[in-house]
Each structure stands twice: as C-alpha cells, then as structure tokens.
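Provided below are the primary sequence and the corresponding predicted coordinates.
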Amino acid sequence: MLRRHARAACTAFVAAGLALAGLQAGTAAAAPDGRGPHPAPTARTAAQTLGADSAQPELLDAMRRDLGLTRSQAVARLANEAEAGATAARLRQGIGAAFAGAWVDGAEAATLTVATTRAADAAAIRATGARARVVTHSLTALEGARQRLDRAAGADAPVRYVDVRANVLVVEETRAGAGARLVRSTGVPSALVRVVRTGEAPRPLYDIRGGDAYYMGGGGRCSVGFAVTRGTTQGFATAGHCGRAGTTTSGFNQVAQGSFQASTFPGNDMAWVAANTNWTSTPYVKGSGGANVQVTGSVLQPVGSSVCRSGSTTGWHCGTVQQHNTSVTYPEGTISGVTRTTVCAEPGDSGGSYISGSQAQGVTSGGSGNCSSGGTTFFQPLNPLLQNYGLTLRTTGTDPGPGPGPGPGEPEPGGTWAAGKVYAAGDVVTYGGASYRCLQGHQAQAGWQPPNVPALWQRL
C-alpha cells in the first residue's frame, strides 16, 4: 500500500431478445388503460446515454497523450466502448451461466469479443457484430475459485483476478512458491490458475471536485473521488483507508471541510466525507491543466476500455481497464471487487477519481509502480459505494433527451423504477406497465427511464 504520511434454445432466445430490443425503440406499446397505443419513446444509443458523443477536449487530449490516439480515434473509442458495453450486457443476460467474459480491442475499441463455454451461442454473438470465443471455463466458475483463494490469501500472493482474455484465474506472487501453496491449500484446481511473479506489492495510495487534495486531521493527504449528496448534505466519496468515521478533514486550501461519516477497509475500500456549509459539491473532476471534466453518470465500462484518473499528487493520467472483480491483499488485509488498471498513481492520489468519458468509475485504492516508470492501480467501483452509504452522485445537468414520459396532463407512468437508486446488472423493475432487466450497473437518474435507455435496460 502506498502510504503518504500524515445451447440452441438459448441461442434462439438471445437472438430474439436482441431483435426485441431493436423493436422497442421504434414501435408503439398499448396503453395500460386500453385506450390505444402511446407513441413510442425515442430510445437513445448507448453513446448518447453515456455522454460519449460529447466528450470534453481535456479528456480527449489526455487520451491522446497517454493512449497514443489521435483526437478522432479518441472520439470513436469512447462511442465504441459505450456501445460494446451495452451489447455485451445484453448477450450476458441471454447466455447465462455459459458466459465467460467480454472485452474490447483495437485503438478505437472497435472489436468486441464475447466468450462462452457453449459453442451453440457463437452464432447469436456474431449476429450482434461481436466476435465469439468458445472457452473452457465460465466466468462464474473462475470467480468462484477466486473467492476461495481470497479467503486464504496472504501478502505474498497479493493480487488475484480473472483474465477473461486468457480464460484463466491469475495469482500474482511476490515470493516464489506462494501462489502454488495458496492453490494447493484451498483445493482450487490448478488447471484454472496461472501464477505470475511480481516484484512489487500493491499498497493504498495514501497520502468539492474530484481529484483535488484534502487533508486528514490526524495527518496525511488523500484525494477527493466524486462529489455526492445525501439529502441536503454535501460531500464526497473517497477511499476507506484514508480515514475512519469521525476523522476530520480540511480542503485543498487547508480550510476546515468536514468529517468522515462512514468508512470500510479492509474488505472494501470505500468511505464518504460530509462537508460543512462552506463547501458545495460540484459535478466535475479535475482534468488536465486544472480544467473541469463533467460527470454525467456511473455506468461501469467493460474490460479494455479507456479510463482516466485524477489525483492530487500526479494529476491527470489515462490507461485501460484490465480486469474487474480483482482481489488484493494489502498488509492491512484483503479487499475484493476492485478493478485493475494500467493507469499510474503515487502516494497522495488515494481516493481520487477514475472516469471513462463522462462516466464515473471508482475511487483510487492502491497499486504499484509510479508515474515515471509506469505501474498498476486498483479502484474501488463507485456504484457499490453509493449504494452502501445511500449517496447520490452529483452529475451535470445535461439534457436527458426525449423521454418516455406522459403527454400533457397525463400522470407519470407507475412502477418500481426510481431515480437515484443504484441498480446492478440483472435487477428487474417495472415501468409504465412493462418489466425491464438491468443490463449495466448504474445509479438511475431523471431521463434514464428504462424505455429511453436500451443500453441500460432490456424489456422483458
């Protein structure tokens, strides 16, 4: 931790589901009251939903610098990543237990690959424009094996994750033989595992706008993750290892700021700070040169996607998502469910923002290396943090576009869907008399009603 002091039937089902998703965007649905069909809403593309088509210049410049892209490639990549995430999410629902992961490749992320353990799924995968890969192990099987290793892992085998491209569970060891001993002691089949030697052990990056510095009352510096609200209270999300409930904070300008309200570490690496009335949460992350980068939502992006980080030590840097649901054992204990990235970081960047396009991804937990020689970092995904503490992400007031709402004088369609609630992939809600399944985890917001955003919801 970086301490800064201070089957055929299923195939047919998938294809039918995709066809239905397309029809939902352009057909009228019968009104629940039987008085005839309401005009169908104009469904937005995934790129429009996630704001990928309106990326700010500062974000594009950083992607150009750190990922070696031209400006047009960066624009195309963000749009392709958004569409790939939605397509992979739909396929995962149809493939079910045979799903073995998905990832994007290429400078513009133009190639989506979806893996399955069942050859009969390949045709439906290819029908969406994605590449199909038939593999041996399902994602569920590999994740289950990782969880068994997590319960017994020590600091000499500090990182465990599923490499979906290789269809294998990777264990990183800092001491020769540690990985093999861990596998033997847990009874995990060795065929599922690849042990990799590493010379560096991850550690938290110790040290209201995302990326700005804040200081803990007991000493030390961390970085703001994302501005949030809880009712009328302003505040921000950050890393749990930065402070405990009751720890006081001052802002980047050393002015009294607030205090930690809740903190979890280890297990997870999440916390939130409530600010006093002198501070106001803003829907921005500090970008290159101090420019504001807009935050419009919290849809987690797929493996291979670009991601940028803002921190108070090293500023703005970009890389790609390597694996989700990684487990890391720090000297203080194990945390699970973090995302592994190629973005560099250094002490003091802890708690800072990870963002893909305009979609908030998570807060900096830890890593290895630095921003001179490169390294690996891990972030705590934001949606579980928001859900755990009942927080609302502060987002810009972007136009949500045409919605599925009622006409003049008509009531809002009823149902269980609610703005402000955090939904996970697989959750089912009702809206306007229909049922929808969540495809990609996110915090719902006005304008993202299920019929309006097929990138996030599939009608059942």
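Received the coordinates, thanks.

longest strand of the chain?
Criterion DSSP state E: the longest strand present in the chain is strand 315-330.

which strands and helices sit next to that one?
helix 57-67, helix 139-150, strand 159-163, strand 306-311, strand 333-341, strand 359-370, strand 374-381 (3 or more CB pairs under 8 Å, 6 or more residues apart in numbering; DSSP states H and E). Placement of C-beta: from N, CA and C, glycine included.

can you tell me which of those is packed in deepest?
Comparing the helices and strands packed on strand 315-330 by mean neighbour count (mean count of other CB atoms under 10 Å), strand 306-311 comes out on top with a mean of 30.

what strand or helix carries Glu81?
Secondary structure assignment for Glu81, by DSSP states H and E: helix 71-95.

so what secondary structure elements neighbour that helix?
Judged by 3+ CB pairs under 8 Å, 6+ apart, helix 71-95 is in contact with helix 8-24, helix 46-49, helix 57-67, strand 99-105, strand 111-116, helix 122-127, strand 306-311.

most tightly packed of the ones you listed?
Ranked by mean neighbour count, the helices and strands packed on helix 71-95 are led by strand 306-311 with a mean of 30 (mean count of other CB under 10 Å).

where along the stretch 351-460 of the chain do the strands fall?
Along the stretch 351-460 of the chain, counting by DSSP state E, counting those that start in this stretch, strands occupy 353-356, 359-370, 374-381, 392-393, 422-423, 428-431, 434-438, 442-443, 457-459.

backbone phi and psi for the residue nearest to the spatial centre of the chain, please?
Residue closest to the mean C-alpha point of the chain, counted by CA atoms, centre = their mean, is Leu300 at 2.8 Å. With angles defined as degrees, to the nearest 10, Leu300 sits at phi -70, psi 130.

same deal with Thr296?
The phi/psi pair for Thr296 (degrees, to the nearest 10) reads phi -120, psi -10.

residues contacting the residue nearest to the centre of the chain?
85, 324, 339, 359, 361, 381, 383, 440-442 (CB atoms under 8 Å, 6 or more residues apart in numbering).

picking up where we left off before, which parts of the helix holding Glu81 are buried?
Buried residues in helix 71-95, counting neighbours by 16 or more other CB atoms under 10 Å, are found at 73-95.

a markdown table for the strands of the stretch 351-460 of the chain, including distance to Arg65 and mean pLDDT?
Shown next, in a markdown table, are the strands of the stretch 351-460 of the chain (distance: least, CB to CB, whole Å; pLDDT from 0 to 100):
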| stretch | distance to Arg65 | mean pLDDT |
| --- | --- | --- |
| strand 353-356 | 16 | 98 |
| strand 359-370 | 17 | 96 |
| strand 374-381 | 14 | 95 |
| strand 392-393 | 27 | 98 |
| strand 422-423 | 33 | 97 |
| strand 428-431 | 41 | 96 |
| strand 434-438 | 35 | 96 |
| strand 442-443 | 28 | 97 |
| strand 457-459 | 35 | 96 |
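
so which of those is nearest Thr229?
Minimum separation from Thr229 across the strands of the stretch 351-460 of the chain (CB to CB) falls at strand 392-393, 5.0 Å.

below-threshold pLDDT in this protein: ranges please.
1-41, 206-207, 397-412 (pLDDT under 70).

strand 434-438 and the helix holding Glu81, what's the angle between them?
For helix 71-95 against strand 434-438, the angle by axes from the mean of the first three to the mean of the last three CA atoms, to 10 degrees is 120 degrees.

ok so, going back, just put the helices and strands packed on helix 71-95 in a markdown table and tack on distance to Pro204.
Output for the helices and strands packed on helix 71-95, formatted as a markdown table (distance: least, CB to CB, whole Å):
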| stretch | distance to Pro204 |
| --- | --- |
| helix 8-24 | 41 |
| helix 46-49 | 33 |
| helix 57-67 | 23 |
| strand 99-105 | 27 |
| strand 111-116 | 32 |
| helix 122-127 | 39 |
| strand 306-311 | 12 |
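
tell me what Asp163 is bridged to.
With DSSP bridges applied, Asp163 shows beta-bridge pairing to Val168.

residues contacting it?
Each residue near Asp163 by CB under 8 Å, 6+ apart is listed here: 169-170, 194, 323.

mind running it again at 10 Å?
Taking CB atoms under 10 Å, 6 or more residues apart in numbering, we find Asp163 in contact with 101, 103, 142, 169-170, 194, 196, 303, 322-323, 340.

cool, Thr342 as well?
66-67, 306-307, 317-322, 369, 374-377.

let's see it at 6 Å
319-320 (CB atoms under 6 Å, 6 or more residues apart in numbering).

and if you look at Gly287?
Counting by CB under 6 Å, 6+ apart, Gly287 touches 58, 293, 316.

show the backbone phi and psi for the closest residue to Gly217 other than its chain neighbours.
Distances taken as CB to CB, 6 or more residues apart in numbering place Thr248 nearest to Gly217, at 3.6 Å, with adjacent residues excluded. Dihedral pair for Thr248: phi -80, psi 160, per degrees, to the nearest 10.

gap between Thr248 and Thr232?
For Thr248, the distance to Thr232 equals 21 Å [CB to CB, to the nearest Å].

same question for Thr364.
Distance from Thr364 to Thr232, counting by CB to CB: 28 Å.

isn't Phe378 right next to Ser368, touching?
No: assessed by CB atoms under 6 Å, Phe378 is found out of contact with Ser368, at 9.5 Å.

neighbour count: Thr248 and Thr232, which is higher?
Higher neighbour count among Thr248 and Thr232: Thr248, with 15 against 5, using other CB atoms under 10 Å.

ok, the longest strand of the chain: who's next to it in the sheet?
Sheet pairing here is set by DSSP bridges, and for strand 315-330 it gives strand 159-163 (antiparallel), strand 306-311 (antiparallel), strand 333-341 (antiparallel).

which among the ones you listed is found nearest to Thr49?
strand 306-311 (17.5 Å).

what comes into contact with that closest one?
Contact partners of strand 306-311, identified using CB under 6 Å, 6+ apart, comprise 62-63, 210-211, 223, 285-286, 316-318, 320-321, 341, 343, 345, 349, 352-356, 361.

please export the C-alpha coordinates of that strand as CSV.
Provided in CSV are the C-alpha atoms of strand 306-311 (Å, rounded to 0.1, in the frame of the first residue of the first chain):
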residue,chain,number,x,y,z
SER,A,306,-10.1,3.6,-21.6
VAL,A,307,-10.1,5.1,-18.1
CYS,A,308,-8.5,8.3,-16.7
ARG,A,309,-7.6,9.1,-13.1
SER,A,310,-7.3,12.4,-11.3
GLY,A,311,-5.2,12.7,-8.1
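
that strand: how far from the chain's middle?
12 Å (CA atoms, centre = their mean, to the nearest Å).

what separates Val195 from Thr116, distance-wise?
Between Val195 and Thr116 the computed distance is 26 Å (CB to CB).
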